[in-house]
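S.K.: Return atomic coordinates for the entry below.
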Amino acid sequence: MNWKSIVERTNSKNESGYREQPRLSLTSWGESVGIYASQALPVYTIKSTVEKLLQSLQISTYSFVSAARAPSFLHLGQWAQVIVEGQAVGFIGSMHPRYLDDEKVRVPVAIAELDLQR
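M.R.: Below you'll find the predicted structure:
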């Protein structure tokens, strides 16, 4: 399984101007190989990674909640919002098969994004 993580700053417009937000993005793709290979889908591996990250930050009040409307690039049945202390701070999920087909990606891909200021 391959991994990539990026801490980036995104800009969004609000009433008072622009707001810069630091975000952590995680991507996992491919399949595990070798003696310790797991048959788990990348979305479960990335969920486990997010859980370990939250625990290492001593955040114990978190949950993963399915919402009615998924971002268009995520598989509807394989995504969840990350909720920390009652506030949505990001998402995890599998890429929608349509996007994988369009880009000719032949391995499963999972992504997570967390807002680092919340």
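
S.K.: mean confidence score for the top helix by length along the chain?
M.R.: Scanning the chain for the longest helix, with DSSP state H as the assignment, gives helix 42-56. Average pLDDT, helix 42-56: 90.

S.K.: And that helix, what does it pack against?
M.R.: strand 17-29, strand 62-65, strand 74-84, strand 87-95, strand 109-115 (3 or more C-beta pairs under 8 Å, 6 or more residues apart in numbering; DSSP states H and E). Every residue, glycine included, has its C-beta placed from N, CA and C.

S.K.: Around residue 99, how many other residues sit close by?
M.R.: When neighbours are counted by other C-beta atoms under 10 Å, residue 99 registers 14.

S.K.: Okay, now the unreliable bits of the chain?
M.R.: 1-12, 32-38, 118 (pLDDT under 70).

S.K.: got the angle between the longest helix of the chain and strand 17-29?
M.R.: Calculated by axes from the mean of the first three to the mean of the last three C-alpha atoms, to 10 degrees, helix 42-56 forms an angle of 120 degrees with strand 17-29.

S.K.: May I see the buried residues of helix 42-56?
M.R.: 42-47, 49-50, 54 (16 or more other C-beta atoms under 10 Å).

S.K.: Stretch 109-116 now?
M.R.: Neighbour-count burial for stretch 109-116 flags 109-115 (criterion: 16+ other C-beta under 10 Å).
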